[in-house]
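Quick one, structure for this:
(2 chains)
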Amino acid sequence: MSEPLLSVRGLTKHFPLYAPGVRRRVAGVSKAVDDVSFELAPGESLGLVGESGSGKTTTARCILRAMDPTAGEVLFRLPDGRRVDLAVLSSRELKPVRQHAQMIFQDPFSSLNPRMTVRDIVGEPLVIHRLARGAELDARVSEILQRVGLKPEHRSRYPHAFSGGQRQRIGIARALIMRPSLIVCDEATSALDVSVQAQVLDLLQELQREFRLTYLFVTHNLDVVRGFCDRVAVMRKGRIVELASTAEIFSAPQHPYTKILLSAVPSPDPDLPMNFNIGEELARLDAMTS
Amino acid sequence: MNFSAEIEFFANRARMAAPRVAGLAKMSDPTPSVSAQASSPLLEVKNLRVSFFTRDGVVGAVQNVSFAIGRGRTLALVGESGCGKSVTASSLLRLVQPPGRIIGGRILLRSRREGEIDIAHLDEKSGLLFKVRGGLVSMIFQEPMTALSPVHTVGSQVDEAILVHQDVSPAAARRLTLDMLQRVGIADATQRYHQYPHELSGGLRQRVVIAMALVCRPELLIADEPTTALDVTIQAQILGLIRTLQREIGFAVLLITHDFGVVAQMADDVAVMRHGEIVERGTVRGVLKNPEQAYTRTLLDALPSRRYAARAALMRRVDGE
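Residues are numbered from 1 along each chain as shown, chains lettered A, B, ... in the order given. Down below sits the predicted model:
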């Protein structure tokens, strides 16, 4: 295997829990992410799945330093071959690194500023990093809009004029205009209809081939992961309980939690009944592990 | 898990599917006999038309939609966003917001308690429409937070549903509420009764909404994307709860969803909507296994699991060469 693009080692994020009262005495910690380790090979898609509250989004945010991790290493390989630990870089050191790792968000309605035009939204990363301006900026915005299936003349419109799928394409264009090597998709297709979701997933896969992108795909939808990712990490209560190739996870899940999770997915085949007794089984699993 | 019981249950369901096909054939008959009594469906929607009269012109959101639901049965209405499925659902309770208006068709509810009612032609201020809303027909929504008042305790909100429809004392209403909260699987109901919606998780909130919808023992439950906002494990529990209560209480369900997985696991019959019209309908097994319309096939092929299967087959072919 080639050298990993990203290796996460022992990543941990604790949030303080305060005792009731005005003094905000710290009464304990919530281990949102607890000793998470995995590697991402260049060009790979890794799915990070789990329920809400499992720590998958916190993990993603700690990797991109939208949050500061409590402990652990996030080693990221830059295009020039240098390796940096994203977990300890200062914000000034981080800025040049950020252009290589971008994020696509879940909600195409709240992740786009309603008072900015598409040109400003998509071009903003280039402005911030002082990579382009004026006519060149315009040209690059038009180019990337076309690449994600929008029209260059959409540049001067505002987000409200677009459908959910189109908005998500704007979000993709904004991430892609920096030509990053790593893209973290946080529930990037969860807010979309099945057919629109299929189109966006197709687009992400085309772009991956074209730009040799590496995806960390955070989602609660196992069905999406199955068609999209090479490997899957299943998270529960801040820990990765199982990490294996997509085929293995779906055909031969090892961890009882993975099995329960898979059995809860409603199959579109009426002959494959789903499991409605999830609550009891999860409770039994908790009783076993504690 | 009790596996043999599960298998037996699904075998029973399959057996029950046979007479259902016959019922459906009757339903699609353009002129159903008015004299049909016992076997006639609980709800019959005939040529429903809903239009929105906007400044820029008239939009026909629902165009000549007809369907029927038998007592205790589940019909799934599927389609993409904007196809008119939610407008159809809200017109059953006469909740279409202006500039929208029902401009034609009939919505026949054959209630055990109140007899046959044409909801489409009830007067807006009639007592019967009041009884229909929340009494005979109730609805649960996608986002439980918006369906609940943030400034009232969940207990008082369920109480209110009882008090507006039933002639009982507040103390009796409270007993009914606590009983219902327990039945929807809220463990410490007496404690939860006094809590506010923001203190509950999404799954618990949806359970409260279900309790509120079912506490007056409706004959029809409209579930508009009831689990779309929930995790897969919570979704499984909520869907299981709806099914259990449906068997116990005996209400029929109109399930609005865009998820064919939920359709396959929950519904008896399915109607596929597009651009305000029903383009295909039939039994779940029939439509999902052998869709007749190209549009239904397209929707099914968009499912990630189907796409995965198609890609895997392609890879095998490539590998074989």
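
ok, the residue nearest to B:F260 when sequence neighbours are not counted - contacts?
Leaving out its chain neighbours, the residue that sits closest to B:F260 by Cβ to Cβ, 6 or more residues apart in numbering or on different chains is A:P268, at 4.2 Å. For glycine as for every other residue, the C-beta is placed from the backbone atoms N, C-alpha and C. With contacts defined as Cβ atoms under 8 Å, 6 or more residues apart in numbering or on different chains, A:P268 is in contact with B:F260, B:G261, B:V263, B:A264, B:L288, B:L300, B:L303, B:S305, B:R306.

again, but for A:D68
A:C62, A:A87.

State the pLDDT value of it.
Looking at A:D68, its pLDDT stands at 93.

for the stretch 201-321 of chain B, what spans make up the strands?
B:220-224, B:252-257, B:269-274, B:277-283 (DSSP state E, counting those that start in this stretch).

Which among these is found nearest to B:L48?
Evaluated over the strands of the stretch 201-321 of chain B, closeness to B:L48 peaks at strand B:277-283, with 10.1 Å, by Cβ to Cβ.

Relative to that closest one, what are the paired strands and their orientations?
Here strand B:277-283 is paired, per DSSP bridges, with strand B:269-274 (antiparallel).

Alpha carbons only: can I get the strand it pairs with in CSV?
C-alpha atoms of strand B:269-274 as CSV (Å, rounded to 0.1, in the frame of the first residue of the first chain):
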residue,chain,number,x,y,z
ASP,B,269,-50.2,-1.2,-1.0
VAL,B,270,-48.2,1.5,-2.7
ALA,B,271,-49.1,4.4,-5.0
VAL,B,272,-46.3,6.3,-6.8
MET,B,273,-46.9,10.0,-7.4
ARG,B,274,-45.3,12.3,-10.0
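
where does B:A236 land on pLDDT?
B:A236 carries a pLDDT value of 91.

how close does B:G286 sit to B:E280?
Applying Cβ to Cβ, to the nearest Å, the value for B:G286 to B:E280 is 10 Å.

Please apply the same query to A:Q146.
Going from A:Q146 to B:E280 by Cβ to Cβ gives 36 Å.

now B:A171
Remark: distance between B:A171 and B:E280 (Cβ to Cβ) = 51 Å.

Who has more neighbours out of those two?
Comparing B:A171 with B:E280 by neighbour count (other Cβ atoms under 10 Å in any protein chain shown), the higher total belongs to B:E280, at 20 against 8.

Isn't that one up against B:L288?
No - contact criterion Cβ atoms under 8 Å: B:E280 and B:L288 do not qualify, at 10.7 Å.

residues from the stretch 101-250 of chain A in reach of chain B?
A:164, A:193-198, A:201, A:220-224, A:226-228 (Cβ under 8 Å from any Cβ of the partner chain).

Make a PyMOL selection of the buried ones in these.
Buried members of those, defined by 16 or more other Cβ atoms under 10 Å in any protein chain shown, are picked up in PyMOL with:
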select buried, chain A and resi 164+193+194+195+196+197+198+201+220+221+222+223+224+226+227+228
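
Which members of the residues of the stretch 101-250 of chain A next to chain B are positioned in helices?
A:164, A:194-198, A:201, A:222-224, A:226-228 (DSSP state H).

and of the residues you listed, the nearest to B:Q195?
Taking Cβ to Cβ as the measure, B:Q195 lies nearest A:L222 of those, at 31.8 Å.

Provide the secondary structure category for the residue nearest to A:A132 when sequence neighbours are not counted.
By the measure of Cβ to Cβ, 6+ apart, the closest residue to A:A132 outside its immediate chain neighbours is A:L126, 4.5 Å from it. Here A:L126 is recorded as helix under DSSP: H, G, I helix; E, B strand; the rest coil.
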